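pasted the sequence and its predicted model underneath.
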Amino acid sequence: MVALGGALGASLRYATVAWAGRALGHGFPWGTVIVNVAGSFAMGVAAVAMMERFPGSWGRFGPFLMTGVLGGFTTFSAYSLDALFLIERGRNLAAAGYIGGSVVLSIGGLWAGLALARGLWGQ
């Protein structure tokens, strides 16, 4: 179910990013912004629905919807959920570290991957 949801989410992400590029241009990553914000919104709705409104439904729908579809659509939604849970639990310093650290380390990881690949393939 996770793999099926992931395929659906990744396909939706591709379609959304492609549409945004055509509709809004390629000068700014609007498609990524759209999927990150929409995915975070959907993760919030799904979390409340499955954890608060319909407790116990996570086992049936969570892996497909949250891990699969939303994970394939954007992992930013899971990041946002984790950050908000830290804030709701009063762990503000941990939340700030997680938020800032995730962004900085992810960009650093991307930079390192680019540098490695460019070094290997001579670009």
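Good, I have the coordinates.

please identify the buried residues of the longest helix seen in the chain?
Using DSSP state H to define each element, the chain has its longest helix at helix 92-121. Using 16 or more other Cβ atoms under 10 Å as the test for burial, helix 92-121 gives 95, 98, 99. (Each C-beta comes from the backbone N, C-alpha and C, glycine too.)

list just the nearest of the residues you listed to residue 68.
In terms of Cβ to Cβ, no member of those lies closer to residue 68 than residue 98, at 23.3 Å.

my guess is the closest one contacts residue 82. True?
Yes: between residue 98 and residue 82 a contact is recorded at 6.8 Å, counting by Cβ atoms under 8 Å.

quickly list what's touching both of the two.
By Cβ atoms under 8 Å, 6 or more residues apart in numbering, residue 98 and residue 82 have no common neighbours.

any idea of the mean pLDDT for the helix or strand containing residue 10?
In the assignment (DSSP states H and E), residue 10 maps to helix 2-24. Helix 2-24 shows a mean pLDDT of 96.
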